[in-house]
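Asks: what's the 3D shape of this:
(chains A and B)
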Amino acid sequence: MSELSTMPINKEIDARGSFCPGPLMELIRGIKSLPVNGVLAVLSSDLGSIRDIPAWVGKAKHEMVGTIQEQGYTRFIVRKLH
Amino acid sequence: MTQRILIVGGGVGGTILANVLARTLHSDEARITLIDKTSNHVYMPTWLYMPFNQMEAQGEHLIRPERDLLNKHVHHVVGQVTSINTKNRELHIEHTEGQDTILGTGGAREGTYSYDYLILATGARIAPADLTGLGEGEGNGKWNHFYSTEGALQLRQALQEFDGGRIVVAVGGIPYRCPPAPLEFTFLLEDWLQKRGIRQRTELQYLFPLSRVFTIESVAEMVTPLLEERNIGYTTFFNAESVDTERKVIASMEDEEVPYDLLVLIPPHRGAKVIEESGLGDEQGWIPTDRNTLEVKGQEHVYAIGDATDLPVSKSGSAAHFEAKVLAARLIAAVRGDELKGDEGSYDGEVMCFLETGRNKATQLVFNYEHPPRPPHPSLYYHMEKHLFNLAYWHIVPQGLV
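Replies: Sure thing, here's the model as predicted:
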């Protein structure tokens, strides 16, 4: 946990309160503009993200590094693998 | 001292803002200048319908002179902004060829404009070359879209020639303008195929990047059964990466391939070129913007509204409309040295839009940063309301009357 919270992040996207287009869209957009092996953090207050974000990261074959529950939102940390 | 307020962009946001400021501030308080590259104002929602109707490229529901929509106190300059220097607070402009006699340019070919407040309402542009296999510009029949007048007219032609097969409607990049438009187009297309009597020999497939068919869960829940009952196939988690126009196949970041006979692609989008070139945007040219104050991050006296921003709201005329109203209040207070009260001058993410569901029905989405939409059941009422709004637009929206 402490390792996760101190992990260097290349880019952070605050998608809290984003319904349209939504946190997953912000994440995919962020991934596209990141170099391979780059690490992205996305902050989401949308409960659907807990299901959607890991599902997409798995399907697109990137790495779900971890999730951190914060007060009222979740921080998703993803590494771009290809 | 008279404040110089410079607005770049004559779309929905820039035009409303210019008109509200010009109507409210006295000429000794502020001089309002709107710089616009084409001299025409285009009502882009019309593009959605053009593949199915006979509207002409110069139709008055689609395009009108920007000057006719502006308050007479707005100084209108037609030209291309070629550089933005926020350190010196000035812009460089080249006046569009053949447009230099239009009011405001004084016949000069180029010029430098200084500002006290700068508002970037520079919009979005389509960037098909961001997908492997597509060049710049229009599809020339190899692929189709409805995100420009020319694209919508080419798509109309392609549909006229279509006589059955497989049509794929795909979202080619994130973010794109008007999130409901691909679904709306699919429903309208299904109606059109029925009317032409070729629905039976046409397979329809809708490809979307997320885990569901629309960005917002409540809307996806409403719309998915409609796709199913009309026998429209859909693939989710499809983030387009390349198009092979020879083999007629579209491929995704998730390693799937989908063949097509006719491809209707929502092209990838980027912010304006001048934003990228001036170093004011992110990797895709979107301007980092404060979600409430609409200030451009890291700049002073520079604001952004509409599609140009990187805000997590729909790229839509509706968002630009609400942002323009809020920013007008903020700028008026700044020019007059007044305090803003409560949430005055603060954008809360408000958006209101319609979603056409075919069969002459539509629903309505109203939401902000805090509250997701609760779309009503699709009905003729909202379809008519959207139709009336499209007609009323020219008389009430650019003027800032609503």
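Asks: What separation is there between residue A:12 and residue A:57?
Replies: Separation of residue A:12 from residue A:57 (Cβ to Cβ, to the nearest Å): 16 Å. Placement of C-beta: from N, CA and C, glycine included.
Asks: same check, this time on residue B:344
Replies: For residue B:344, the distance to residue A:57 - Cβ to Cβ - is 41 Å.
Asks: between residue A:12 and residue A:57, who's got more neighbours?
Replies: Neighbours were counted for residue A:12 and for residue A:57 using other Cβ atoms under 10 Å in any protein chain shown; residue A:57 has more, 22 against 13.
Asks: Can you tell me the SS state at the more buried one?
Replies: Here residue A:57 is recorded as helix under DSSP: H, G, I helix; E, B strand; the rest coil.
Asks: swap in residue B:398?
Replies: Residue B:398 is classified as coil under three-state DSSP.
Asks: so what's residue B:310 up against?
Replies: Residues near residue B:310 by Cβ atoms under 8 Å, 6 or more residues apart in numbering or on different chains: B:282, B:286-289.
Asks: so where do the helices sit in the chain?
Replies: With no chain named, the answer covers chain A. Using DSSP state H, the helices of chain A run over residues A:2-5, A:23-32, A:49-59.
Asks: I was after chain B.
Replies: In chain B, the helices defined using DSSP H lie at B:12-24, B:66-69, B:149-161, B:181-196, B:217-229, B:273-277, B:317-336, B:380-396.
Asks: Please state the mean pLDDT value computed over the second one.
Replies: Same thing as helix B:66-69. Averaged across helix B:66-69, the pLDDT comes to 95.
Asks: That one: which residues count as buried?
Replies: For helix B:66-69, a neighbour-count test (16 or more other Cβ atoms under 10 Å in any protein chain shown) marks B:66-67, B:69 as buried.
Asks: what's the burial count for residue B:245?
Replies: Residues near residue B:245, counting by other Cβ under 10 Å, number 17.
Asks: residues in contact with it?
Replies: Shown in contact with residue B:245 (Cβ under 8 Å, 6+ apart): B:133-134, B:142-143.
Asks: same thing with residue A:62?
Replies: Contacts of residue A:62 (Cβ under 8 Å, 6+ apart): A:31, A:78-82.
Asks: can you redo these as JSON lines with distance to residue B:76 and neighbour count?
Replies: Below are the contacts of residue A:62 laid out as JSON lines (distance: Cβ to Cβ, whole Å; neighbours: other Cβ atoms under 10 Å in any protein chain shown):
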{"residue": "A:31", "distance to residue B:76": "41", "neighbour count": "23"}
{"residue": "A:78", "distance to residue B:76": "46", "neighbour count": "25"}
{"residue": "A:79", "distance to residue B:76": "50", "neighbour count": "18"}
{"residue": "A:80", "distance to residue B:76": "45", "neighbour count": "21"}
{"residue": "A:81", "distance to residue B:76": "51", "neighbour count": "13"}
{"residue": "A:82", "distance to residue B:76": "49", "neighbour count": "8"}
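Asks: possible to save those as a markdown table with pLDDT and distance to residue B:304?
Replies: Shown next, in a markdown table, are the contacts of residue A:62 (pLDDT from 0 to 100; distance: Cβ to Cβ, whole Å):
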| residue | pLDDT | distance to residue B:304 |
| --- | --- | --- |
| A:31 | 89 | 24 |
| A:78 | 97 | 27 |
| A:79 | 96 | 31 |
| A:80 | 96 | 27 |
| A:81 | 94 | 33 |
| A:82 | 90 | 33 |
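Asks: Any chance you could note which residues of chain B sit beside chain A?
Replies: Proximity of chain B to chain A, by Cβ under 8 Å from any Cβ of the partner chain, involves residues B:174-175, B:179, B:209-211, B:215-217, B:237, B:239, B:253-255, B:282-284, B:291, B:312-314, B:349, B:351, B:365, B:367, B:369-370, B:372-373.
Asks: Now, of those, which are buried?
Replies: Buried residues within those, counting neighbours by 16+ other Cβ under 10 Å: B:174-175, B:179, B:209-211, B:215-217, B:237, B:239, B:253-254, B:282, B:284, B:291, B:312-314, B:349, B:351, B:365, B:367, B:369, B:372-373.
Asks: close enough to count as contact, residue B:204 and residue B:232?
Replies: Yes: Residue B:204 lies in contact with residue B:232 (Cβ atoms under 8 Å); the separation is 4.6 Å.
Asks: can you list residues touching both of the two?
Replies: Both residue B:204 and residue B:232 are contacted by B:186, B:190, under the criterion Cβ under 8 Å, 6+ apart.
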